[in-house]
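>>> Please find the sequence and the predicted model below.
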Amino acid sequence: MKILLTRSLHDFAIKELKKRYQVEVHAGKIPMPKDLLISKIRDVDGLICYPYDKIDADIVKAGTKLKAISTFSVGYDHIDVNSASQRGIVVSYTPEVLTRATADLTLALMLDLFRRINEGDRIIRQGKWKTILGPYEFLGSDLHGKTLGIFGMGRIGMAVAKRARGFEMNVLYHNRKRISAQMEKRLNVKYVSLEELFRRSDVVSIHAPHTPKTHEIVNLKLIKKMKRTSFLVNTARGKIINEKDLVTALKRKIISGAALDVFGGEPIDNSNPLTRLSNVVITPHIGSATIETRRKMAEIAVQNLVLSLSGKKPIYQVRTESSRQDLS
Ligand code: DGY
């Protein structure tokens with residue numbers, strides 16, 4: 001069997017794949033150009049892809065021999081899962097192993113916003129720290145006692161809730177479906193409507209999947225419900241926020257600031273207005289980017305593909321859009 005990787009993966013993973021298959025690793029432009037992907041996919045049985053690859057209906061249709069798509073990610077909004085499942089192609093993904101890493105980054109971003117860590121770093125590097133700060137200068141806010149609003153209570157949302165309790169925050173959440181009363185009690189979280197979540201929280205953190213329903217759901221109307229002192233954090237998917245609206249809100253100081261690991265189009269560069277706002281912390285989509293987590297993701301992506309190609313159930317199978325779980 002032949003398999004294609006749209007970019008390189010850990011050496012151990014490629015070695016493992018080469019024991020079983022004829023392996024082609026795309027080494028050129030990333031993401032792989034669509035026409036090239038279409039021409040290559042015609043000939044392969046399995047595909048390992050990444051969130052930047054758009055595996056749409058055209059790609060799926062061109063993959064006449066394709067039996068399995070394994071994405072190196074928890075998010076699968078880049079794959080047309082319905083088209084794939086109609087053609088009997090098994091789609092798999094890598095949840096769970098990246099839950100803690102992504103939740104950790106979320107807390108790091110929250111701490112950064114509340115305590116102005118990046119802002120302080122920038123001030124020093126720009127040679128602007130000229131005098132010892134007085135008691136009222138460069139103040140941030142306490143995390144303890146504040147209200148965190150979690151939008152999307154899947155695995156990552158829950159891991160963020162647990163961490164936030166460690167910082168003595170109050171936690172509200174909104175989710176497509178309310179979690180069980182027992183789980184609410186265990187996590188010490190309270191279910192509210194989306195509007196109430198934005199209205200009452202000191203910081204809103206997004207952990208929902210990007211779907212047609214959540215596409216740009218965070219718009220100016222919703223952001224205007226937030227307190228002027230509040231923050232927005234997004235480590236899920238950029239397209240859940242209307243980025244233009246967010247820039248407007250940040251410029252007009254409708255909210256205090258935002259920390260973003262994900263964007264509407266990635267990568268972003270200096271032409272993106274977010275890069276020029278001092279009340280924004282930005283990171284280059286590194287939610288799962290730890291040595292340990294990425295290694296586990298590689299292991300699972302390979303196992304998922306191998307199992308699917310041998311006619312077995314992969315460890316984590318994506319079903320269809322109707323049974324989508326929260327990004328977790
Ligand atoms: C994922 O796995 O979906 C994360 O966003 C990293 O790409």
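Arrived safely.

>>> Near the ligand, which residues of the stretch 51-200 of the chain? Just list them.
Counting by Cβ under 6 Å from any ligand atom, the stretch 51-200 of the chain comes close to the ligand at P51, S73, V74, G75, L98. Quick note: C-beta positions are derived from backbone N, CA and C, even for glycine.

>>> ok, the longest helix anywhere in the chain near the ligand or not?
Longest helix in the chain, counting residues (DSSP state H): helix 291-309. No: applying Cβ under 6 Å from any ligand atom, one finds helix 291-309 separated from the ligand by no less than 7.2 Å.

>>> and that helix, how far out from the chain's middle?
Relative to the centre of its chain, helix 291-309 is centred 18 Å away, using Cα atoms, centre = their mean, to the nearest Å.

>>> What residues of it count as buried?
Judged by neighbour count using 16 or more other Cβ atoms under 10 Å, the buried positions of helix 291-309 are 293-294, 296-309.

>>> And stretch 186-205, by the same measure?
Buried residues in stretch 186-205, counted by 16+ other Cβ under 10 Å: 187, 189, 191-192, 194, 197-205.

>>> Using TSV, lay out the residues you listed together with secondary structure.
Shown next, in TSV, are those (DSSP: H, G, I helix; E, B strand; the rest coil):
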residue	secondary structure
L187	helix
V189	strand
Y191	strand
V192	coil
L194	helix
L197	helix
F198	helix
R199	helix
R200	helix
S201	coil
D202	coil
V203	strand
V204	strand
S205	strand
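
>>> So which of those residues is the closest to the ligand?
The closest of the buried residues of stretch 186-205 to the ligand turns out to be S205 (Cβ to the nearest ligand atom; 14.4 Å).

>>> Thought I150 was touching that closest one, still the case?
Yes: the criterion here is Cβ atoms under 8 Å, and S205 meets it with I150 at 5.6 Å.

>>> List the backbone torsions phi and psi for whichever residue of the stretch 151-300 of the chain sits closest to the ligand.
Proximity of the stretch 151-300 of the chain to the ligand (Cβ to the nearest ligand atom) peaks at S288, 4.5 Å away. Backbone torsions for S288, taken as degrees, to the nearest 10, come to phi -100, psi 10.
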